[in-house]
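# Just a sequence and a predicted model for now, questions to come.
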Amino acid sequence: MNTISIASLVHNISAITPEHTVNQVGELFLSTDYQHLLSIPVVVDNKPIGIISRHQLMEVFLKLYGRDLYGRQSVKGFVNENPLMVDCKDSLETASDYIISNIETPVSEDFIILRDGQYFGMGMVLDLLNAVGTQLDKANKKITKLNKKLTAENQRMGSELAVARQLQAMVLPDKREYKSIKQLDINGFMVPADEVGGDYYEVLQHDDHIKIAIGDVTGHGLESGVLMIMVQTVMQSLVAQNIHDLKLYLQVINKTIYNNLQRMELDKNLTLSILDYHQGEVQICGQHEEVLWVQQGKVTRIDTIDLGFLLGLETDIGHLLSTAQCSLASGDGIVLYTDGITEARNDNQKLFGLERLIKVLEKNWHLSAKELRKTVFEEVYRFTKHQKPIDDMTLVVLKQR
């Protein structure tokens with residue numbers, strides 16, 4: 001409600017004194033000035049001492065010989081000495097809360113309005129209810145208007161997020177690129193928690209080398225998705241220049257992300273591991289989740305914690321970068337993932353976990369990369385009972401042909 005004071009409802013009604021008779025007060029109730037009131041204030045030295053109710057007085061007159069018995073008496077014996085009183089400075093909301101909470105039903109009295117403790121006028125309950133209703137109606141109209149505005153804004157934002165999601169999907173690897181890689185059976189997929197995900201993965205072939213990358217921007221949503229697209233753009237640019245130094249990749253990406261985060265004043269960072277595959281040999285650089293190296297159907301875990309640092313926090317991370325190597329024979333492979341998979345939870349808040357993921361991989365390693373990727377996601381969904389993911393989930397599977 002707006003801050004309208006109760007003074008806006010005041011009726012400048014002349015009060016009576018305790019010396020008025022019952023007959024005199026009855027005549028007042030019938031007069032034009034008082035006929036709309038439920039009660040009349042009783043005042044001494046401009047201070048209210050009570051109120052006379054029309055209803056109570058009518059009960060007196062309706063009694064057998066009531067007017068003859070009581071008409072010439074003082075109204076003192078009929079005064080309600082505990083009337084409802086509010087100050088003229090009270091807001092309409094404050095006054096209505098007090099009066100509605102304390103008034104007796106059925107309603108048979110109005111209320112007194114004071115100014116600095118003295119009688120100022122009368123307030124009618126009916127006026128109060130109408131004013132509150134008007135304020136509520138205005139508030140409802142404002143809320144309706146705001147809801148329409150918010151709905152339009154949400155639709156606009158939804159459209160923008162949908163565009164960003166489409167853009168993100170467009171720059172992720174597709175099945176045509178997978179099929180063009182003859183040395184590897186490879187497949188990847190990302191399930192965003194929101195309209196736009198913060199996970200990143202990439203598969204790029206160049207100069208008989210294949211670059212595979214996976215990363216995770218803190219949070220998810222539009223900002224994280226934009227950072228992911230920045231990483232993808234820099235990766236594409238470096239690959240186009242036939243650069244094979246993985247440390248250089250990470251240094252350039254880090255510098256770009258750091259500068260853009262400062263410009264956008266965003267408190268975000270990301271993990272990123274990049275793999276270089278060449279003729280069965282794999283080099284790994286950058287900090288992310290563990291790399292799962294599968295030999296003859298058994299998983300070896302390669303920790304990446306010492307291979308790099310979070311990107312976007314420091315201007316130069318060159319001194320923090322190192323590499324690890326592994327070899328792939330026919331049928332061997334590598335699995336990359338983001339923590340949205342291992343940290344997926346069921347109803348009991350139990351994590352899907354890395355050990356469970358490894359068991360699924362070892363049990364189903366005979367499947368193609370695509371079928372294995374689908375099986376992992378099916379197991380995660382089964383574990384979480386198909387609840388909406390709370391984090392983006394990404395999985396990349398590659399197998400040496």
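Great, that's in hand.
# what's the following helix or strand after the lowest-mean-pLDDT helix or strand in the chain?
The helix or strand of the chain with the poorest confidence is helix 125-171; it has a mean of 70 (mean pLDDT, DSSP states H and E). Downstream of helix 125-171, the next assigned helix or strand under DSSP states H and E is helix 175-180.
# what about that next one, average pLDDT?
Average pLDDT, helix 175-180: 88.
# Output the contacting helices and strands for that helix.
Contact here means 3 or more C-beta pairs under 8 Å, 6 or more residues apart in numbering; DSSP states H and E; on that basis helix 175-180 packs against strand 199-206. Every C-beta, even on glycine, is put in place using the N, C-alpha and C of the backbone.
# avg pLDDT for the strand it packs on?
What strand 199-206 shows for mean pLDDT is 91.
# can you dump the C-alpha coordinates of that strand into CSV?
Taking Å, rounded to 0.1, in the frame of the first residue of the first chain, the C-alpha atoms of strand 199-206 are listed here in CSV:
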residue,chain,number,x,y,z
ASP,A,199,31.1,-27.2,-19.4
TYR,A,200,33.4,-27.3,-22.4
TYR,A,201,34.8,-30.0,-24.6
GLU,A,202,36.5,-29.9,-27.9
VAL,A,203,37.8,-32.3,-30.6
LEU,A,204,40.0,-30.7,-33.3
GLN,A,205,42.0,-32.5,-36.0
HIS,A,206,45.0,-30.8,-37.6
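# Show me what that strand pairs with in its sheet, parallel or antiparallel.
Using DSSP bridges, the strands paired with strand 199-206 are strand 209-217 (antiparallel).
# residues of the helix or strand that the strand it pairs with is followed by that come out buried?
Using DSSP H and E, the next helix or strand after strand 209-217 towards the C-terminus is helix 222-240. The neighbour-count check on helix 222-240 (16 or more other C-beta atoms under 10 Å) flags 222-228, 230-232, 234-235, 238-239 as buried.
# want to try CSV for these, with pLDDT as columns?
Output for the buried residues of helix 222-240, formatted as CSV (pLDDT from 0 to 100):
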residue, pLDDT
Leu222, 71
Glu223, 77
Ser224, 77
Gly225, 75
Val226, 80
Leu227, 84
Met228, 84
Met230, 87
Val231, 90
Gln232, 88
Val234, 90
Met235, 91
Leu238, 90
Val239, 90
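# From the recorded domain assignment, give the ranges for the protein.
The chain resolves into domains spanning 6-132, 172-400 when parsed by automatic domain parsing.
# Lys149: which of those domains is closest?
Between Lys149 and the domains of the chain, the tightest spacing by C-beta to C-beta is seen for domain 172-400, at 20.2 Å.
# start to end distance for the closest one?
End-to-end distance for domain 172-400: 22 Å, by C-alpha to C-alpha, to the nearest Å.
# Next: stretch 190-207.
27 Å.
# what's the distance between that stretch and the middle of its chain?
Distance of stretch 190-207 from the chain centroid (C-alpha atoms, centre = their mean, to the nearest Å) equals 25 Å.
# Then stretch 17-33?
61 Å.
# What average pLDDT does it get?
In this model, stretch 17-33 has a mean pLDDT of 90.
# which of the residues in it are buried?
Neighbour counts using 16+ other C-beta under 10 Å place His20, Val22, Asn23, Val25, Gly26, Leu28, Phe29 of stretch 17-33 among the buried residues.
# Just put the buried residues of helix 222-240 in a markdown table and tack on distance to Thr338.
Output for those, formatted as a markdown table (distance: C-beta to C-beta, whole Å):
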| residue | distance to Thr338 |
| --- | --- |
| Leu222 | 18 |
| Glu223 | 17 |
| Ser224 | 12 |
| Gly225 | 14 |
| Val226 | 18 |
| Leu227 | 14 |
| Met228 | 11 |
| Met230 | 18 |
| Val231 | 14 |
| Gln232 | 15 |
| Val234 | 19 |
| Met235 | 17 |
| Leu238 | 22 |
| Val239 | 22 |
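# now, which of those residues sits nearest Ile212?
Nearest to Ile212 among these, with distances taken as C-beta to C-beta, is Met235, at 10.5 Å.
# Find the nearest non-adjacent residue to the closest one, please.
In space, and not counting its chain neighbours, Met235 is closest to Glu202: 5.5 Å by C-beta to C-beta, 6 or more residues apart in numbering.
# burial measure for that neighbour, as a count.
Neighbour count of Glu202, defined by other C-beta atoms under 10 Å: 23.
# right, and it touches Ile229 too?
No - taking contacts as C-beta atoms under 8 Å, Glu202 lies outside contact range of Ile229: 11.2 Å.
# ok, now which ones touch the closest residue to Lys182 other than its chain neighbours?
Leaving aside its sequence neighbours, Lys182 sits nearest to Arg401 (C-beta to C-beta, 6+ apart; 7.3 Å). For Arg401, the contact set (C-beta atoms under 8 Å, 6 or more residues apart in numbering) comprises Lys182, Gln183, Leu184, Asp185, Ser330.
# Enumerate every residue touching the fourth one.
The reference is to Asp185. Asp185 neighbours (C-beta under 8 Å, 6+ apart): Gly333, Ser368, Ala369, Leu398, Lys399, Arg401.
# Now the buried members of those residues.
Gly333, Ala369, Leu398, Lys399.
# can you tell me which of the residues you listed are in strands?
Gly333, Leu398, Lys399 (DSSP state E).
# With pLDDT as extra columns, can I get those residues in CSV?
Supplementary listing: these in CSV, determined by pLDDT from 0 to 100:
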residue, pLDDT
Gly333, 98
Leu398, 97
Lys399, 98
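# quick check, nearest of those to Ile274?
For these, the residue nearest Ile274 by C-beta to C-beta is Leu398; the value is 13.6 Å.
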